[in-house]
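K.L.:
okay, predicted coordinates and the sequence, questions at the end:
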Amino acid sequence: MRTLCLVLACASFAWAANTTKPAESKSASTQKSTVQQRWAPEDLKGTVSMIDPNQDLVVVRDSSGVPFDFRIQRSTHIESGQSPVKLSDLAKNESVNVRFVPEARGDIARQIQVQK
């Protein structure tokens, strides 16, 4: 009987040592949820098909005709040659190179370079 009690006590102790506490499990999952996913910047060559300065939006079609919507921010650099230009200065059918960051809420243009 003594041996049986000793075996059960050891088994209970081993099980308790391998069980994670709820507080530890919760903090580990909380840490994972605070990590934000970020995507690498990408480049796109195409033709401007629409400009909407009121909504800070530019639509560029790539060589296969697929339209890409780009949100413009204050930090977006728009250039023609070496000169900065405004969003309202862009024209339809201009060839551009766009450096952008894909995000879940929409692609954000970092730089738009007008090709001459």
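P.N.:
That came through, no problem. Numbers count the residues shown, from 1 in each chain.
K.L.:
residues making contact with stretch 102-116?
P.N.:
Around stretch 102-116, the neighbours that count as contacts under CB atoms under 8 Å, 6 or more residues apart in numbering are 39, 41-42, 58, 68-73, 75-81, 85, 90, 94-101. All C-beta spots, glycine's among them, are computed from the backbone N, C-alpha and C.
K.L.:
restricted to buried residues, select these in ChimeraX.
P.N.:
Filtering those down to the buried ones (16 or more other CB atoms under 10 Å) takes a single ChimeraX command:
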select :58,68,70,71,72,76,78,80,90,94,96,98,100
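K.L.:
strands paired with the biggest strand by length in the chain, and their directions?
P.N.:
As assigned by DSSP state E, the longest strand anywhere in the chain is strand 67-80. The pairing partners recorded for strand 67-80 under DSSP bridges are strand 57-61 (antiparallel), strand 83-84 (antiparallel), strand 107-114 (parallel).
K.L.:
using a markdown table, lay out these together with distance to Ile51 and mean pLDDT.
P.N.:
A markdown table is the format used below for the strands paired with strand 67-80 (distance: least, CB to CB, whole Å; pLDDT from 0 to 100):
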| stretch | distance to Ile51 | mean pLDDT |
| --- | --- | --- |
| strand 57-61 | 6 | 97 |
| strand 83-84 | 16 | 94 |
| strand 107-114 | 10 | 96 |
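K.L.:
tabulate those strands (TSV), appending distance to Thr47.
P.N.:
Listed next are these as TSV, based on distance: least, CB to CB, whole Å:
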stretch	distance to Thr47
strand 57-61	5
strand 83-84	20
strand 107-114	11
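K.L.:
closest one to Met50 among those strands?
P.N.:
strand 57-61 (4.0 Å; CB to CB).
K.L.:
can I get that closest one as PDB, trimmed to CA atoms?
P.N.:
What follows is strand 57-61, C-alpha atoms only, in PDB (Å, rounded to 0.1, in the frame of the first residue of the first chain):
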ATOM      1  CA  LEU A  57      -5.800  58.100 -54.500                       C
ATOM      2  CA  VAL A  58      -3.900  57.100 -57.700                       C
ATOM      3  CA  VAL A  59      -4.800  54.100 -59.900                       C
ATOM      4  CA  VAL A  60      -2.000  52.600 -61.900                       C
ATOM      5  CA  ARG A  61      -2.400  49.800 -64.500                       C
END
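K.L.:
all set, thanks.
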